[in-house]
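Engineer: Generate a structure from the sequence data that follows.
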Amino acid sequence: MSSEPLGNLPQSSTFLRKPFDGLGVDKSTGSTTFHQNEIAPKIIQNRFLVFILGAIILITIILALYFNLRGR
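Structural biologist: Residues are numbered from 1 along each chain as shown. Predicted coordinates:
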């Protein structure tokens, strides 16, 4: 087994990290700021939609029970 790939490891890691330098990589999370800026609004929007759908389902159940029990 050759140790040649291990000898080039520092050079390879520099080569692999180079494309991310222009994207603004956040050192604490390891993800790009572009990725964070795109995902955050979508998460908020999804939470809002789930809340609205939950409220609609809850109101539908309450109305169904109300009209079902009112008819008796």
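
Engineer: quick one: low-confidence parts of this structure?
Structural biologist: Across the chain, the ranges flagged by pLDDT under 70 are 1-36.

Engineer: how near is Leu65 to Ala40?
Structural biologist: The spacing between Leu65 and Ala40, counted by C-beta to C-beta, to the nearest Å, is 38 Å. Every C-beta, even on glycine, is put in place using the N, C-alpha and C of the backbone.

Engineer: Also Asn68?
Structural biologist: Taking C-beta to C-beta, one finds Asn68 at 43 Å from Ala40.

Engineer: Next: Leu58.
Structural biologist: Distance of Leu58 to Ala40, computed by C-beta to C-beta: 27 Å.

Engineer: now swap in Phe48 and tell me
Structural biologist: 13 Å.

Engineer: Return every residue with contacts to both of these two.
Structural biologist: Shared contacts of Phe48 and Ala40 (C-beta atoms under 8 Å, 6 or more residues apart in numbering): none.

Engineer: quick one: which helix or strand includes Phe51?
Structural biologist: In this structure, Phe51 sits in helix 33-70 according to DSSP states H and E.

Engineer: just checking, what packs against that helix?
Structural biologist: If you count contacts as 3 or more C-beta pairs under 8 Å, 6 or more residues apart in numbering; DSSP states H and E, helix 33-70 packs onto no helix or strand.

Engineer: Of all the residues in that helix, which ones are buried?
Structural biologist: By neighbour count on 16 or more other C-beta atoms under 10 Å, the buried set for helix 33-70 is empty.

Engineer: Extract the CA atoms of stretch 63-72 and return them as CSV.
Structural biologist: Taking C-alpha atoms only, stretch 63-72 is exported to CSV below (Å, rounded to 0.1, in the frame of the first residue of the first chain):
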residue,chain,number,x,y,z
LEU,A,63,-67.8,22.6,13.5
ALA,A,64,-68.5,18.9,12.6
LEU,A,65,-69.0,18.0,16.2
TYR,A,66,-71.2,21.1,16.8
PHE,A,67,-73.5,20.4,13.9
ASN,A,68,-73.6,16.7,14.8
LEU,A,69,-74.5,17.2,18.4
ARG,A,70,-76.9,20.1,17.6
GLY,A,71,-79.0,17.9,15.4
ARG,A,72,-79.8,15.5,18.3
